[in-house]
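S.K.: Pasting the sequence and the predicted coordinates here, then a few questions.
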2 protein chains.
Amino acid sequence: MSEKKVPYKIYLTEEEMPKAWYNMRADMKNKPAPLLNPGTGKPLTAEELSPIFCEELVAQELDDTTPFIEIPEEIRDFYKMFRPSPLVRAYCLEEKLQTPAKIYYKFEGNNTSGSHKLNSAIAQAYYAKKQGLKGVTTETGAGQWGTALSMACSYFDLDCKVFMVKVSYEQKPFRREVMRTYGASVVPSPSETTEVGKKILAEHPGTTGSLGCAISEAVEVATKNPGYRYVLGSVLNQVLLHQSVIGLETKIALDKYGIKPDVIIGCAGGGSNLGGLIAPFMGEKLRGEADYQIIAIEPASCPSFTRGKFAYDFCDTGMICPLAKMYTLGSGFIPSSNHAGGLRFHGMSSTLSQLYHDGMMEARSVEQTSVFEAAEQFARVEGILPAPESSHAIRAAIDEALKCKETGEEKTIVFGLTGTGYFDLVAYEKYHDGQMTDEIPTDEQLQESFAKLPKIG
Amino acid sequence: MSEKKVPYKIYLTEEEMPKAWYNMRADMKNKPAPLLNPGTGKPLTAEELSPIFCEELVAQELDDTTPFIEIPEEIRDFYKMFRPSPLVRAYCLEEKLQTPAKIYYKFEGNNTSGSHKLNSAIAQAYYAKKQGLKGVTTETGAGQWGTALSMACSYFDLDCKVFMVKVSYEQKPFRREVMRTYGASVVPSPSETTEVGKKILAEHPGTTGSLGCAISEAVEVATKNPGYRYVLGSVLNQVLLHQSVIGLETKIALDKYGIKPDVIIGCAGGGSNLGGLIAPFMGEKLRGEADYQIIAIEPASCPSFTRGKFAYDFCDTGMICPLAKMYTLGSGFIPSSNHAGGLRFHGMSSTLSQLYHDGMMEARSVEQTSVFEAAEQFARVEGILPAPESSHAIRAAIDEALKCKETGEEKTIVFGLTGTGYFDLVAYEKYHDGQMTDEIPTDEQLQESFAKLPKIG
């Protein structure tokens, strides 16, 4: 390879790192619909939310007018332990694909949680500490969020209770062990330690759990124990706000080299990565300053954007959480157990749902065998073993680059590489052994699930 | 925390990265003793070595006069995918320890092999490709080297056969799966696929293998198959040469901020990391330009520097490899099966052995329970889950920093953080569950092992 004008990895200096998060909602004409009280059907007030969430996080959750919110110095200091994350020019992938496209990825996996989740975990732990709380509760599926929160709580000396979806608890003992290293207590969900857990176990004795069920348990424990609050790693507005650091760093790095992306691609489960990555670009688009093609990629097995309904729904199985208006498959929807690719939440961030509804972005779904094929191809040339979640974005980026090869277009593609796959090797093994299948929900399944949507809003 | 003059992480630009490796031997008055032919007892010639190793690597192995050897552009390009690695100022650890010492670590874990091993793997694969070979063979214990080599071979489209110590093969299926992702074939050792493997299996039917045994198998396959050569991830002079990129980057980063280290600490198994980290500093010391306290840290369960003999010995169990003069516990020595901390090779790099023998560096041994204690303490404040190997250096760095706390000295401590512990969570679990013990060899065991040293040199 010859000399490169743009380095393989663009790192910002610590001075160049963002000092404020960007709140997309401030620039949205159609604001995301408010969270509703499931009892009254009315928008939730700060007072109603504060037994669940920390005060400052409630304020961030409800604030849809302030464009920039300062990142407290303590959080910026913590960020410096693992940020800035590199914006990588995928020279090797480009060469392998023989594409005229220029491919960049923002790599968030260089920290022990293995993903971008730490960006919001440390913020939420900071506000809990500042409020003088004893600890926080949460749920985790694959374990990335639980690990991130354990790290953040350990740093601020907060107690951390993690409800881990039972099937993951059993199949991912190593994730559990990392959380233990950081001093968290990890409980398999559903458990006998909560009312909602007992109820679910009584109704479904053999259940291996779900994210929605673990959320219900974590919320119950937070609201019943003084000095505790609940924290969530995705979906919420506050999470997208914290994650905007991904997109802000990306934009600063691109601007340094005078690069304007044509296509921005992110994987989407609850929306934390996608919302963070696209934030400043979407801001320009909302303000009419620039245009970008923004694409959300989701698994065909859990296709909330592409096949879901835009409606008010519960975020949890126990139906004790607020109602959010979002693209949803129904709070009872659980993807096929064959689905190994992550991104298995039934709903989607209200903010992203509104943007998608307004035509500000596209969405596509991809099947997991093609996702793992892209993951392996990427690993071999770029040297990073990607998380299955991130590999959805890789799949789409490769597809876009191959289209450019056909048309000769020299598009600049940016995608989010949210994390590493070190704890997903059972899934990789399945793929290598030819045991991986693609199972997508039937229309009948979805109709049945939609029929149970709450009749509100 | 207030404003920091030195950033949390010092990254070099791609232009600042080293363009040549540094060869410590060129500045040594007492050169490391040559490899001997076990048959004749005479120094091995390039002709004798070239059926085992690639030609250019043989030249590098034997060259003890050229101080700088250019890093080929293709290797520098590959380096840019995962290098420069950050030199991290451990502000959070310093604060936790309340020490006046300034602690820095060079973190080599931000790549999929999870360690510094990739620095030499890519160089060895490059020279194999350049020579027109079909593939390479090697052994791996914990799997870091095997993973690194798989990545490198995949990049250059070379076949890669890895003999993996059987106990690791069975206990670390995920490491195996990563190698498979990169297209390597992984064989549990001892195996029925080699003469030496069959012999060892016949003599010790239930054996779970050892590094020395896997080396013998890999060498046999390389020498019997046209178009194949053997590559090794540690001990050899060529490996230390490639790994000098660690120390060179460290020195450039420190110089940028006008920092002169007082103490340099590295963990030592075969010496690849230690030799690489200390290279340019040792160079200054050898040339009388500067002085540094250089400390090798090894496990008390496998104490080659601190309790071994400085003598000619085999590098492998099958005794088919050249003889090297080194600090050794005897080629039949196998650390207790309770030893979870890695660094389990019976010998030590000839170069480092000579330097230690000449009083140019110190060595200490540490027990594994105290190593895991340091690992957990480090993980909680610095946010990185360290490999057990690397944690030996952490243990020593913390001990040095605590000494400074007592004396009030503001020493600058630099240590090598060779990798991450994502594949070592069984060991962490053992530690958390209080199941970890310290078992160090008795004097009688060592005497018995020494009695079997070859009577040469």
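M.R.: Thanks, I have the structure now.
S.K.: Would you mind measuring from whichever residue of the stretch 201-350 of chain A sits closest to chain B to A:L12?
M.R.: Of all residues in the stretch 201-350 of chain A, A:K256 sits closest to chain B, at 12.2 Å by CB to the nearest CB. (Glycine included, C-beta is placed from N, CA and C.) Applying CB to CB, to the nearest Å, the value for A:K256 to A:L12 is 8 Å.
S.K.: Output the set of residues of the stretch 151-300 of chain A in proximity to chain B.
M.R.: A:M151, A:S154, A:Y155, A:P173, A:F174, A:E177, A:V178, A:R180, A:T181, A:Y182, A:G183 (CB under 8 Å from any CB of the partner chain).
S.K.: Which one (most neighbours) among those?
M.R.: Most neighbours among those, by other CB atoms under 10 Å in any protein chain shown: A:M151, with 32 neighbours.
S.K.: which SS state does that residue fall under?
M.R.: Assigned by DSSP: H, G, I helix; E, B strand; the rest coil, the conformation of A:M151 is helix.
S.K.: show me what contacts it?
M.R.: By CB atoms under 8 Å, 6 or more residues apart in numbering or on different chains, the contact list for A:M151 reads A:N111, A:T112, A:S113, A:L118, A:A121, A:I122, A:Y182, B:G383.
S.K.: wait, doesn't the third one sit right on A:Q144?
M.R.: Yes: under the criterion of CB atoms under 8 Å, A:S113 is in contact with A:Q144, at a separation of 5.8 Å.
S.K.: Of the two, give the one with the bigger neighbour count.
M.R.: Between A:S113 and A:Q144, counting by other CB under 10 Å, A:S113 is the more crowded of the two (32 against 26).
S.K.: Which one's more surrounded, A:K256 and A:L12?
M.R.: Between A:K256 and A:L12, counted using other CB under 10 Å, A:L12 has the larger neighbour count: 20 against 13.
S.K.: Hmm, that one is touching A:K251, no?
M.R.: No: applying CB under 8 Å, one finds A:L12 not in contact with A:K251, separated by 10.6 Å.
S.K.: okay, now A:F345: neighbour count?
M.R.: Using other CB under 10 Å, A:F345 has 27 other residues around it.
S.K.: and the closest residue to it other than its chain neighbours, what does it touch?
M.R.: Of all residues not flanking A:F345 in the chain, A:G270 sits nearest, at 4.6 Å (CB to CB, 6 or more residues apart in numbering or on different chains). Counting by CB under 8 Å, 6+ apart, A:G270 touches A:G233, A:S234, A:V235, A:V239, A:F345, A:G347, A:M348, A:S349.
S.K.: how about A:A396, phi and psi?
M.R.: Phi and psi for A:A396, reported as degrees, to the nearest 10, are phi -70, psi -40.
S.K.: wait, it sits on A:A363?
M.R.: No: taking CB under 8 Å as the definition, A:A396 is not a contact partner of A:A363, at 10.4 Å.
S.K.: For the two, list the residues in contact with both.
M.R.: Common contacts of A:A396 and A:A363, defined by CB under 8 Å, 6+ apart, comprise A:I295, A:I297.
S.K.: Only alpha carbons, please: show the lowest-mean-pLDDT helix or strand in chain A as CSV.
M.R.: In chain A, no helix or strand scores lower on mean pLDDT, DSSP states H and E than helix A:166-171, which sits at a mean of 88. Once non-C-alpha atoms are left out, helix A:166-171 reads as follows in CSV (Å, rounded to 0.1, in the frame of the first residue of the first chain):
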residue,chain,number,x,y,z
LYS,A,166,-31.1,-16.7,32.9
VAL,A,167,-30.1,-18.2,29.6
SER,A,168,-27.2,-15.8,29.3
TYR,A,169,-26.3,-16.3,33.0
GLU,A,170,-25.9,-20.0,32.3
GLN,A,171,-24.3,-19.8,28.9
